[in-house]
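Colleague: The following block contains a protein sequence and its predicted model.
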Amino acid sequence: MDLLIETSGTVRCVFGEQIDLGQLGQLSIRRGSHVEPTPDGQWTADLAPVQGPLLGPFPTRTAALKAEVSWLQEHWLLPSR
């Protein structure tokens with residue numbers, strides 16, 4: 001799990017259960033995307049909650065989740081400028 005610790009003390013990450021994040025302080029968890037099925041049985045990852053794109057369609061939910069995490073790590077989990 002990658003943790004971005006900003007100079008303000010705020011920590012950002014793509015949520016996982018590898019460590020107890022509550023040990024870092026008060027948590028504020030929010031959704032980074034919506035992974036949903038399409039009418040034709042494929043899957044998309046809508047990253048609008050973090051001002052990102054709509055990814056997909058993907059043939060499986062697993063593929064959409066993998067693309068979601070990859071995009072968040074590459075584009076959202078960056079130091080503030």
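Modeller: Nice, I can see it.
Colleague: what are the phi and psi angles of residue 45?
Modeller: Backbone geometry at residue 45, expressed as degrees, to the nearest 10, gives phi -120, psi 110.
Colleague: Ok, residue 37 next?
Modeller: phi -80, psi 150.
Colleague: Nearest residue to it in space, please, no chain neighbours.
Modeller: Excluding the flanking residues, the one nearest residue 37 by CB to CB, 6 or more residues apart in numbering is residue 43, at 5.7 Å. Any C-beta I mention is one placed from the backbone N, CA and C, and that applies to glycine too.
Colleague: need the contact list for that neighbour.
Modeller: Residue 43 is in contact with 35, 36, 37, 56, 57, 58, 59, 60, 61, 63, 64, counting by CB atoms under 8 Å, 6 or more residues apart in numbering.
Colleague: element containing the fourth one, please.
Modeller: Per DSSP states H and E, residue 56 falls inside strand 54-58.
Colleague: Now that strand: buried residues?
Modeller: 55, 56, 58 (16 or more other CB atoms under 10 Å).
Colleague: what about the residue nearest to residue 37, distance to residue 69?
Modeller: Distance of residue 43 to residue 69, given as CB to CB, to the nearest Å: 14 Å.
Colleague: Same check on residue 51?
Modeller: Residue 51 is 17 Å from residue 69, by CB to CB.
Colleague: what do you get for residue 21?
Modeller: On the measure of CB to CB, residue 21 and residue 69 end up 16 Å apart.
Colleague: do residue 52 as well
Modeller: From residue 52 over to residue 69 (counting by CB to CB), the distance is 12 Å.
Colleague: Then residue 46?
Modeller: 14 Å.
Colleague: rewinding a little: selection in PyMOL covering whichever of the contacts of residue 43 are buried, please.
Modeller: Buried residues within these, by 16+ other CB under 10 Å, are selected in PyMOL with:
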select buried, resi 35+56+58+63+64
